[in-house]
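> The sequence and its predicted three-dimensional model are supplied below.
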Amino acid sequence: NLIRKKIRKANKKNIMNNYYSDWAYMIQNKSEKIMVHLGKEIEKKSKSKNICLSGGVALNSVANEKVFQKTNFKKIHIFPACSDSGLPFGLALWGYHNHFNKKRRVKFLNAYTGKNYQFDEIKYLLNSLNIEYENTTSHKVAEHISKGMIIGIFNGRSEYGPRALGNRSIVADARNKGIRDKIN
């Protein structure tokens with residue numbers, strides 16, 4: 001006999017109750033323990049002082065810190081493209097080293113691998129679309145945010161991976177309860 005249990009659905013009114021926060025805690029706690037365990041196993045087998053993590057769980061910075069604290073790794077690298085966008089990069093490296101038998105290392109200096117637009121190109125586009133903008137300082141951006149403004153940042157090269165690292169970002173005051181809905 002199958003018993004159908006009522007499934008609780010999260011919504012804006014109940015998301016902060018203990019049922020959901022307990023589940024969130026248990027999932028985070030288990031993730032940390034598994035990552036620390038795997039980190040220790042990798043450390044034993046590799047004898048390396050360096051570790052590289054990838055995949056969606058590698059973006060769990062709290063768990064990464066615990067791996068770093070509870071192992072002897074001296075350097076940790078989190079590959080920024082932890083979603084499916086990282087697969088082509090990994091496959092290209094695999095092919096480079098294995099299929100083409102190249103022994104040289106490929107340097108991945110940072111996640112800023114996208115196109116770097118010239119200021120004149122950006123200015124032309126914004127002016128042609130009558131979009132208000134200003135070339136400003138971080139102090140002025142912080143001032144605008146403190147006044148409730150939502151700021152779009154477009155600077156330098158775009159980032160590779162699912163997380164904004166500051167060059168393509170929408171920033172706002174997180175203390176404003178309705179800001180997430182307003183941005184979305």
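Now that the structure is in, tell me what you want to look at. Numbering: from 1, shown residues only.

> burial of Gly114, as a residue count?
Residues lying near Gly114 (other C-beta atoms under 10 Å) number 13. Just so you know, the C-beta spots here come from the backbone N, C-alpha and C atoms, and that holds for glycine as well.

> before we move on, what about Leu93?
So Leu93, with other C-beta under 10 Å, has 14 neighbours.

> repeat for Tyr96
15.

> Let's see the pLDDT reported for the residue nearest to it when sequence neighbours are not counted.
Counting by C-beta to C-beta, 6 or more residues apart in numbering, Tyr96 lies nearest to Lys102, which is 5.1 Å off, once chain neighbours are set aside. For Lys102, the pLDDT comes out at 79.

> Make sure Lys102 is indeed in a helix.
No - Lys102 is assigned coil when assessed by DSSP: H, G, I helix; E, B strand; the rest coil, not a helix.

> Lowest average confidence across helices and strands of the protein, where is it?
None of the helices or strands of the chain scores lower by mean pLDDT, DSSP states H and E than helix 87-94, at a mean of 82.

> so is Gly152 in a helix, a strand, or just coil?
Classification of Gly152 using three-state DSSP returns strand.

> which residues of this structure fall in helices?
Along the chain, the segments classed as helices by DSSP state H run 18-46, 61-70, 87-94, 119-128, 138-146, 179-183.

> low-scoring pLDDT stretches of this protein, where are they?
Along the chain, the parts satisfying pLDDT under 70 run over 1-7.

> okay, which residue is most central for it?
Centroid-nearest residue in the chain: Arg163, 3.3 Å away (criterion: C-alpha atoms, centre = their mean).

> what's that one in contact with, if anything?
Leu59, Pro80 (C-beta atoms under 8 Å, 6 or more residues apart in numbering).

> Distance of Leu87 relative to Ala111?
To Ala111, Leu87 is 16 Å away according to C-beta to C-beta, to the nearest Å.

> actually Ala81, not the one I wrote
Distance, Ala81 to Ala111, by C-beta to C-beta: 8 Å.

> hey, what's in contact with both of those two?
Tyr160, Gly161.

> contacts for the least confident helix or strand of the chain?
Ser54, Phe79, Ala81, Val106, Tyr160.

> number of nearby residues for Ala58?
The burial count for Ala58: 20, using other C-beta under 10 Å.

> Same check on Gly166?
Neighbours around Gly166, by other C-beta under 10 Å: 12.
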